[in-house]
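Enquirer: Got a predicted model here, sequence first, then my questions.
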Amino acid sequence: MPTATISFDKFNQLQDDACHRRIRAARERLGTRAVLLCHHYQRADVYQYADLTGDSLKLARLASQTDAQYIVFCGVHFMAEVADIMSKPEQTAILPDLAAGCSMADMANLAKVERCWRELGEVLDVEQQVTPVTYINSAADLKAFCGARGGIVCTSSNAGTIAAWAFGRREKILFFPDQHLGRWTGHKMGIPLDEMEVWDPDLEMGGLSAEQIQRAKLLLWKGHCSVHQMFQPAHILRFRNQHPDGLVISHPECSFEVCRQSDFVGSTEHIVRTIKEASPNTRWLVGTELNLVNRLAEEVKHEGKIVQFMAPTVCMCSTMQRIDPQHLAWTLENLADGRVVNPIQVPAHEAELARVALERMLAVS
């Protein structure tokens, strides 16, 4: 069996059509030994090869159910970590480009979250009063942090259900790393805005007073998705002025004002389902990543539906874009030749605790 890995440099200069030929040939050689998981935000020239697609919750479930030897995750790093955590010991999770990260996930790291927990402990009995909830868009060690402290993972699909579970156990939630999903979730549960405080990890005590911490039911980490912050209330106003009968649907990672002015708010799966199930000849303004919006527009245009992107400028997940045909061809050709490149392996002690938090999520949702 070959042992020397084919350098990516040999693929980096390949034209796309050559990459596609090599992807198809490698997939044929691999057969059922490899399964390709693609997030909805993945670029179209890679998404076309997906065996399984979905949002983060769906892909977490699928990663735990596949029997393939290799799970090639066309997404970002935290998604491949979830695949490694939830898959069987004999399976290998692979990320075609290790540079495919998530800027939101990077806004919360273990050192800062542990410091936050210690500082909260100066004001509260954290073990009795606070449930840590991490968005799935986070590193494995933060999922492990939650697993070890009675906490849980959530996605944009199930955040409300998870928050209800958490409040059923303790009176407060520490929610990280996306403040916007946390705020919208709290709002939908009827929590007043003045009982949701933003924790700034770069400030002592998060920039909050003891009184603010004691009053807050929901402590929101100061993090965000750069893609979803591109959408503004002015974009919705312009659309409504031009198309009074049009409908607006947004992802809950958008700002509170964008969500509040939308007709529908939900995960990528919710957005896809809502528009596909809508009446023919409807017009939609969509506040989420461009690749998904373009793909959805093509899929429903035969019904007379018009789907348009909310922002006037191009706005896509730049790190997700790193998984291109060149990286996919390189990954699959190496696998077909018996070489594993870019395996994602979460340390065993982290994986065990992270699995606890993920399995709590799957059981609750």
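Expert: Received the coordinates, thanks.

Enquirer: host element of the residue nearest to Phe73 when sequence neighbours are not counted?
Expert: Nearest residue to Phe73 in three dimensions, chain neighbours excluded: Ala80, at 4.2 Å (Cβ to Cβ, 6 or more residues apart in numbering). All C-beta atoms are positioned from the backbone trio N, CA, C, and that covers glycine. Using DSSP states H and E, Ala80 falls within helix 77-86.

Enquirer: Also Thr134?
Expert: Judged by DSSP H and E, Thr134 forms part of strand 130-135.

Enquirer: so where's the stretch 51-200 of the chain uncertain?
Expert: For the stretch 51-200 of the chain, the stretches flagged by pLDDT under 70 are 57.

Enquirer: Now do the helices in it.
Expert: Ranges of helices within the stretch 51-200 of the chain are 56-65, 77-86, 103-106, 110-120, 126-129, 140-148, 159-167, 179-188, based on DSSP state H, counting those that start in this stretch.

Enquirer: For those helices, could you give me CSV that also reports distance to Pro312 and mean neighbour count?
Expert: Shown next, in CSV, are the helices of the stretch 51-200 of the chain (distance: least, Cβ to Cβ, whole Å; neighbours: other Cβ atoms under 10 Å):
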stretch, distance to Pro312, mean neighbour count
helix 56-65, 28, 19
helix 77-86, 29, 26
helix 103-106, 22, 22
helix 110-120, 35, 17
helix 126-129, 44, 14
helix 140-148, 35, 24
helix 159-167, 29, 20
helix 179-188, 21, 23
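
Enquirer: Now those helices in TSV, please, with extra columns for distance to Arg24.
Expert: TSV is the format used below for the helices of the stretch 51-200 of the chain (distance: least, Cβ to Cβ, whole Å):
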stretch	distance to Arg24
helix 56-65	23
helix 77-86	23
helix 103-106	32
helix 110-120	41
helix 126-129	53
helix 140-148	33
helix 159-167	39
helix 179-188	38
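
Enquirer: Determine which of those helices approaches Val364 most closely.
Expert: Val364 lies closest to helix 159-167 among those, at 4.8 Å (Cβ to Cβ).

Enquirer: now for that closest one, which elements pack on it?
Expert: strand 130-135, strand 152-154, strand 172-176, helix 179-188, helix 348-364 (3 or more Cβ pairs under 8 Å, 6 or more residues apart in numbering; DSSP states H and E).

Enquirer: Name the surrounding residues that touch that helix.
Expert: Contacting residues not belonging to helix 159-167 are listed as 131, 133, 135, 151-154, 173, 175, 181-182, 185-186, 188-189, 217, 252, 360-361, 364-365 [Cβ atoms under 8 Å, 6 or more residues apart in numbering].

Enquirer: if you set the cut-off to 7 Å instead, what comes out?
Expert: Identification of contacts with helix 159-167 by Cβ atoms under 7 Å, 6 or more residues apart in numbering yields Thr131, Val133, Ile152, Cys154, Ile173, Leu181, Thr185, Lys188, Met189, Met361, Val364, Ser365.

Enquirer: Buried only: go through these for me.
Expert: Buried residues within the contacts of helix 159-167, counting neighbours by 16 or more other Cβ atoms under 10 Å: Thr131, Val133, Ile152, Cys154, Ile173, Leu181, Thr185, Met361, Val364, Ser365.

Enquirer: wait, which of these is closest to Val46?
Expert: Using Cβ to Cβ, the buried ones among the contacts of helix 159-167 come closest to Val46 at Leu181, 25.9 Å.
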